[in-house]
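Colleague: Please find the sequence and the predicted model below.
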Amino acid sequence: MIVSRFKKLRSAIVATAGAGMMGILPTVAQAEWALNLQRPVTEIARVQYDLHMLIMYIVTVIGIIVFGVMFYSIAKFRKSKGAEAAKFSHSTKAEVLWTVIPTLILIAMAVPSTKALLLMEDTTESDMVLKVTGYQWGWQYDYLEEDVSFFSKLATPQSQITGNEAKGENYLLEVDNHVVIPAGKKVRLLLTAKDVIHAWWVPQLGGKKDAIPGFINEMWIRADETGTYRGQCAELCGKDHGYMPIVVDVVEEAEYMAWIEAQKNKS
Amino acid sequence: MTTAVADHHHDEVPKGITRWLFTTNHKDIGTLYLWFSFTMFLVGGAMALVIRAELFMPGLQVVNPHFYNQMVTVHALVMIFGAVMPGFVGFANWMLPMMVGAPDMALPRMNNWSFWLLPFATTLLIASLFVPGGGPAAGWTIYPPLSIQGGMGVDLTIFTIHILGMSSILGAINIIATILNMRAPGMTLMKMPLFVWTWVITAFLLIAAMPVLAGAVTMLLTDRHFGTAFFSAAGGGDPVMFQHMFWFFGHPEVYILILPAFGIISQVIPTFARKPLFGYSSMVFATAAIAFLSFIVWAHHMYTVGMPLSGELFFMYSTMLIAIPTGVKVFNWLATMWRGSMTFETPMLYAIATVALFTVGGLTGLMMAITPADFQYHDTYFIVAHFHYVIFCGSVLAMFSGVYYWLPKWTGHMYDETLGKVHFWLTVISFNITFFPQHFLGFAGMPRRIPDYSLQFAEFNMVSSIGGFILGFSQLILLWVVIKSIRGGKKATAEVWDNPEGLEWTVPSPAPYHTFATAPEVR
């Protein structure tokens, strides 16, 4: 319903924009008007998604109540409709009520949030360790137990960025060397940076974490399903901050082992 | 000789450029502040349009990434330090002495200086865009090590912040001195209009927070040029320490930008609801509570920096707490409207829009307080949408409300109501076209501060850019309304509105050059 309305709006905008913009029509046609967080594929991302939906429902209800009272007042208590102003200027009962109820809602929110944080920060008992190093402007990945290391940089050609060539499907979200991790394994990430602060973020795999020069941060991932997941640097890191994507291939364990062997033989 | 000049000064309004250069009159200084603020609003707005033009579609069309980053940085600095803060100081100068029944500000010469620091400071900032290496490009948060890499533009920015901070602290001292010492007999603290209350609390926030920023940027300066390593791990320092210092200033700063706005709409809503403000004392206490809490929540701006679990929990709980006093304020405004007898002149429209849209920003803020979810929201367009709902809809719309509310008192003429309403509807509708879609962009995974984006973000960015241009050009209507009201129009009465409360409505419109030479009696 909403989507179809957006589609109409889209065609209206495209129509009014006229012939000068014909060049971007193909890109417009394949877009999706996404409205919500990307589909989670790890436990952490799922917990984040559920908390996000819960808090969003709560604030939506609060918003509807506030807006409801406001629009009711605007419609009803108008001078032009002969409304007489009341004289009251406080009500202890109401004030206690609207202090206590929000407090209870907040406590109700704090409980699952605390649980989620405890889960996210527990990096123990991991199956493997992957070191991620941000630099201007790309990522370096070290499989610490396997002696495998490589760089991963933007693969989108400059001509697509400047508009001399049609933009590909994964415009700005494609790299030369994908990171590969096995499905179902707890991967502990150690994040650091060479020059300035970066942040490693693949939305479907969970939250982001800063990569800070001279310090090591950690986070963990356990992907439930195989697939290719894309993300970007999320901390302003200079001129090409918008051009340092992340691509993670989650594969079955056997495939992962084969890939690691191949990498070792390469070097 | 000095006495003669002073006497002359009291007789008539000085003429020419020296009136403005040497003025110690709170109304003149207020006018200077307000014009300065509006000018910076247009300058910062022009930069926003550069940003929106580049983001109109994927790919690089208008500017290069480095210049884009400069625009993002300088837009924010100009709007926060050039438009919003001086704007509220302008309101404070014009209105506070009249509201508390004082003849002028307590420290009039310092008042002149705190204004005249501003044009020099912002000139340095704008000039930074033209030096080799360009202006600051590390975001308004100027995090090291990125800001260490920048050229001379970063140094100019640091000096800008020093001077602006000095100006803010001087202004804050003046406001506190005026409010605490110069109230008319009978004007007890708990009788002060809410705008006065919010400003005295804001002034204390300024005095506490600005020196921390000054310290942080000074350390940045010595790291850049004098071989220190406060923020460099290689030298034993810590880049994250800068973030802690920055946000120890930065979060109170958010309330410095919003509390005077709360004050303005707490003046406007009762007038047009024809009903006293609901819960005056709870408003005062809620303001004080927000101010206190603002000093213990700073690290919620940096959840992803790798804090210990206990730190994340502490900042999550303390941040959630802020929702309570903020909620009290919103409910009090609603209760003031409830069973009132409302009319909807432009100031009231803006006040209602402030409450409604600030609530949207407040609620998205509550979403971000939930740390695990914020690991997804952090540094995305969701954040960009959130703080524009808070700062534009909270602070700027409230300032518009205040401008329309007091303009007849300032100029002596009513403004053009039709134009005012056109300005209102264009602003509010185009604001939502611009920023509402950015919530979706953030959810879908678009990071902030990028000049180019992948294709799934194309539609909403285009919508947002179209809204942005309408929003930008709509502000010229305000300029037109103000000029029209200065040049003429229907004469305003002393009360202007229907039986409004406050000492400012007891003096004629326009307010005489000197008011309350003899203190009024407050019952």
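Modeller: Cool, the structure landed. Numbers count the residues shown, from 1 in each chain, chains lettered A, B, ... in the order given.
Colleague: anything in the longest helix seen in chain B near chain A?
Modeller: Identified as the longest helix of chain B according to DSSP state H is helix B:239-273. Yes: judged by CB under 8 Å from any CB of the partner chain, helix B:239-273 and chain A are in contact via B:P239, B:V240, B:A273. For every residue, glycine as well, the C-beta is placed using N, CA and C.
Colleague: tell me the contacts of the second one?
Modeller: Okay, so that is B:V240. Residues in contact with B:V240 (CB atoms under 8 Å, 6 or more residues apart in numbering or on different chains) are A:I212, A:F215, B:M302, B:V305, B:G306.
Colleague: Pick the one among those closest to B:N64.
Modeller: A:I212 (27.1 Å; CB to CB).
Colleague: my guess is A:V132 is in a strand, correct?
Modeller: Yes: the assignment for A:V132 is a strand, going by DSSP: H, G, I helix; E, B strand; the rest coil.
Colleague: Look up the closest residue to it, ignoring the ones flanking it.
Modeller: In space, and not counting its chain neighbours, A:V132 is closest to A:L191: 5.0 Å by CB to CB, 6 or more residues apart in numbering or on different chains.
Colleague: Quick one: classify the one you found as helix, strand or coil.
Modeller: strand.
Colleague: what's the spacing between it and A:K131?
Modeller: Computed as CB to CB, to the nearest Å, the A:L191 to A:K131 distance reads 8 Å.
Colleague: quick one: which of these two has more around it?
Modeller: Ranked by neighbour count (other CB atoms under 10 Å in any protein chain shown), A:L191 and A:K131 place A:L191 first, with 24 against 16.
Colleague: hmm, back to that, which SSE is immediately downstream of the longest helix of chain B?
Modeller: helix B:280-293 (DSSP states H and E).
Colleague: is it true that B:Y415 touches B:V481?
Modeller: Yes: taking contacts as CB atoms under 8 Å, B:Y415 lies within contact range of B:V481: 5.2 Å.
Colleague: quick revisit: for the residue nearest to A:V132, list each beta-bridge partner.
Modeller: Going by DSSP bridges, A:L191 is paired in beta bridges with A:V132, A:N217.
Colleague: got the contact list for it?
Modeller: A:131-134, A:200, A:209-212, A:216-219, B:306.
Colleague: List just the nearest of these to B:M85.
Modeller: Distances from B:M85 to the contacts of A:L191, taken by CB to CB, are shortest for A:D210, at 29.0 Å.
Colleague: Check the secondary structure at the closest one for me.
Modeller: State at A:D210, reduced to three classes by three-state DSSP: strand.
Colleague: Check the offset of whichever strand or helix holds A:M257 from the chain's centre.
Modeller: Element membership for A:M257 (DSSP H and E) is helix A:253-266. Distance of helix A:253-266 from its chain centroid, counting by CA atoms, centre = their mean, to the nearest Å, is 29 Å.
Colleague: try stretch B:163-171
Modeller: On CA atoms, centre = their mean, the centre of stretch B:163-171 falls 15 Å from that of its chain.
Colleague: any idea of the mean pLDDT in that stretch?
Modeller: Taken as a whole, stretch B:163-171 has a mean pLDDT of 96.
Colleague: Need the CA coordinates for it. CSV is fine.
Modeller: What follows is stretch B:163-171, C-alpha atoms only, in CSV (Å, rounded to 0.1, in the frame of the first residue of the first chain):
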residue,chain,number,x,y,z
ILE,B,163,36.7,33.1,20.0
LEU,B,164,33.1,31.9,19.8
GLY,B,165,33.5,30.2,23.1
MET,B,166,34.8,33.4,24.7
SER,B,167,31.8,35.2,23.3
SER,B,168,29.4,32.6,24.6
ILE,B,169,30.9,32.7,28.1
LEU,B,170,30.9,36.5,28.2
GLY,B,171,27.2,36.5,27.1
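Colleague: Any chance you could list what contacts that stretch?
Modeller: Residues contacting stretch B:163-171 (CB under 8 Å, 6+ apart): B:81, B:85, B:89, B:92, B:110-111, B:113-115, B:117-118, B:120-122, B:124, B:203, B:206-207, B:210-211, B:213-214.
Colleague: 6 Å instead, please
Modeller: B:F81, B:V89, B:M110, B:S114, B:L117, B:L118, B:A121, B:L206, B:I207, B:M210, B:A214 (CB atoms under 6 Å, 6 or more residues apart in numbering or on different chains).
Colleague: Filter those residues down to the ones in helices?
Modeller: B:V89, B:M110, B:S114, B:L117, B:L118, B:A121, B:L206, B:I207, B:M210, B:A214.
Colleague: what residue of chain A is the furthest out?
Modeller: Using CA atoms, centre = their mean, the residue of chain A lying farthest from its centre is A:G82. It sits 51.2 Å away.
Colleague: circling back: which of the contacts of stretch B:163-171 ranks first by neighbour count?
Modeller: B:V89 (32 neighbours).
Colleague: That one against B:T31, yeah?
Modeller: No: if you go by CB atoms under 6 Å, B:V89 and B:T31 don't touch, sitting 11.9 Å apart.
Colleague: Just give the nearest non-adjacent residue to residue 137, would you?
Modeller: Unless you meant another one, I'm taking chain A. A:D240 (3.8 Å).
Colleague: um, chain B though
Modeller: Distances taken as CB to CB, 6+ apart put B:N69 closest to B:A137, at 3.8 Å, once the chain neighbours are dropped.
Colleague: I'd assumed that neighbour was in a strand, is it?
Modeller: No: according to three-state DSSP, the state of B:N69 is helix, so it is not within a strand.
Colleague: ok, the closest residue to chain A within the stretch 201-350 of chain B to A:Q136 distance?
Modeller: Taking CB to the nearest CB as the measure, the stretch 201-350 of chain B has B:A233 as its residue closest to chain A, at 2.1 Å. From B:A233 across to A:Q136, the span is 16 Å (CB to CB).
Colleague: Spatially nearest residue to the closest residue to chain A within the stretch 351-500 of chain B, not counting backbone neighbours?
Modeller: When distances are taken as CB to the nearest CB, the stretch 351-500 of chain B reaches nearest to chain A at B:F375, 2.4 Å away. Among residues not flanking B:F375 along the chain, A:G207 sits closest, at 2.4 Å (CB to CB, 6+ apart).
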